[in-house]
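**Student:** Structure for the following, please:
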Amino acid sequence: MPKPQVSPRKSLPQRETIRAGKDRRKKPISKRTAVNPAQIKMKADPFAFKRVTNLALGVQRLRESAQRMRDREHAQLVERINNGGRGAKASARRLKEIDKKLEHLLAPRQRQLEGLVFRDPKFPTVLTARAFEETVKKRIKSKKPKTIVMFDIDHFKKINDTYGHEIGDQVLKLYTETFSSIANANKGFVGRLGEEELAAFVPIGQKEASAFVQAISKELVKRFNKNPALKKRIKTIPTFSAGSVAIGRKRTYESALQLSDKLLYESKNAGRNTLTTATLKGNTHNKIR
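**Tutor:** Sure, this is the predicted structure:
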């Protein structure tokens, strides 16, 4: 009786496309030129995306190497089965060992890669623009009250021009850490949408938005006063402007972000250091500090 022939298993594709760190807005917000956060972060930290790329390539090479080992073992397994089954159990056991070793090697690298892509490479307390969008869209369907608050540091370009980008980065670090701290305390999170433009998603109603922004302002002053090195250089902490929008059932992420961006620029036109909130009776302007 002829021995059954086992067809060799087709190898998986040798390459996987890994896109890391490309955070772009799908649509420009407002009529001004759309900001590409990826380009901004490359300019601010030219090594950030190199780290992501190198890690992604390392993961890809590990996968390719493991796949070649699996292909060789599978070919030997097929050959042994076709020759009567001698050594087939050892080959099958070897395949399992390869899979286990691959999982052990890849798991920490994959988690690290996902963390780098999910978090802003330079300011890890905030999400990237893409991660912020994806996370908001997952939570926007909740029936609980929820609000998006857009922030922008006032005269940030002047800080960079006067004191240099190193001081500008210190100011950004202070802001991102403070915003994230208050947002996390309210079970929310913050994303970085532009160089000095941040957005917070918090499960609070529009009435609580003002108190939320005031809490951020107070915490900023508190942390600034505990940072003598930064305080010595810039004397006073820069103010910020904000636009707040409550997200109802019919409002999409894109429409909420577009409206909060419009309200933010109303705050700028109202003299900065202002929170503009959308209400049923019209937009309201309140000084932050």
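**Student:** what's near enough to touch Asn273?
**Tutor:** By C-beta atoms under 8 Å, 6 or more residues apart in numbering, the contact set of Asn273 is Asp154, Thr239, Phe240, Ser241, Lys287, Ile288, Arg289. For glycine as for every other residue, the C-beta is placed from the backbone atoms N, C-alpha and C.
**Student:** List the single closest residue to the last one in space, sequence neighbours excluded.
**Tutor:** Which is Arg289. Ser217 (4.8 Å; C-beta to C-beta, 6 or more residues apart in numbering).
**Student:** from the contacts of Asn273, which is closest to Ala183?
**Tutor:** Relative to Ala183, the closest of the contacts of Asn273 is Phe240; by C-beta to C-beta it sits at 14.0 Å.
**Student:** about what we covered before: of the contacts of Asn273, keep whichever come out buried.
**Tutor:** Asp154, Thr239, Phe240, Ser241, Ile288 (16 or more other C-beta atoms under 10 Å).
**Student:** Helices of the stretch 151-289 of the chain, start to end?
**Tutor:** 156-163, 165-185, 206-225, 228-234, 253-269 (DSSP state H, counting those that start in this stretch).
**Student:** mind checking which of those helices is nearest Glu134?
**Tutor:** helix 253-269 (9.4 Å).
**Student:** Show the average pLDDT along that closest one.
**Tutor:** For helix 253-269, mean pLDDT is 93.
**Student:** how many other residues sit next to Ala131?
**Tutor:** 19 (other C-beta atoms under 10 Å).
**Student:** my read: it touches Phe118, true?
**Tutor:** Yes: counting by C-beta atoms under 8 Å, Ala131 does reach Phe118; the two are 4.6 Å apart.
**Student:** list the contacts for the residue nearest to Arg289?
**Tutor:** Taking C-beta under 8 Å, 6+ apart, we find Ser217 in contact with Phe240, Ile288, Arg289.
**Student:** a markdown table for the contacts of Asn273, including distance to Ala90 and pLDDT?
**Tutor:** Below are these laid out as a markdown table (distance: C-beta to C-beta, whole Å; pLDDT from 0 to 100):
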| residue | distance to Ala90 | pLDDT |
| --- | --- | --- |
| Asp154 | 70 | 95 |
| Thr239 | 71 | 95 |
| Phe240 | 66 | 96 |
| Ser241 | 69 | 96 |
| Lys287 | 76 | 91 |
| Ile288 | 71 | 90 |
| Arg289 | 72 | 74 |
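**Student:** Quick check: of the residues you listed, which lies closest to Thr135?
**Tutor:** In terms of C-beta to C-beta, no member of those lies closer to Thr135 than Phe240, at 22.3 Å.
**Student:** is it true that that closest one touches Asp154?
**Tutor:** Yes: using C-beta under 8 Å, Phe240 makes contact with Asp154 at a distance of 5.9 Å.
**Student:** What residues sit buried inside stretch 186-193?
**Tutor:** Of all the residues in stretch 186-193, those buried under the rule 16+ other C-beta under 10 Å are Asn186, Gly188, Phe189, Val190, Gly191, Arg192, Leu193.
**Student:** Show me the domain layout of this protein.
**Tutor:** The chain breaks down by automatic domain parsing into domains covering 37-118, 129-287.
**Student:** Out of those, name the one with the poorest average pLDDT.
**Tutor:** Among those, domain 37-118 scores lowest, with a mean of 63.
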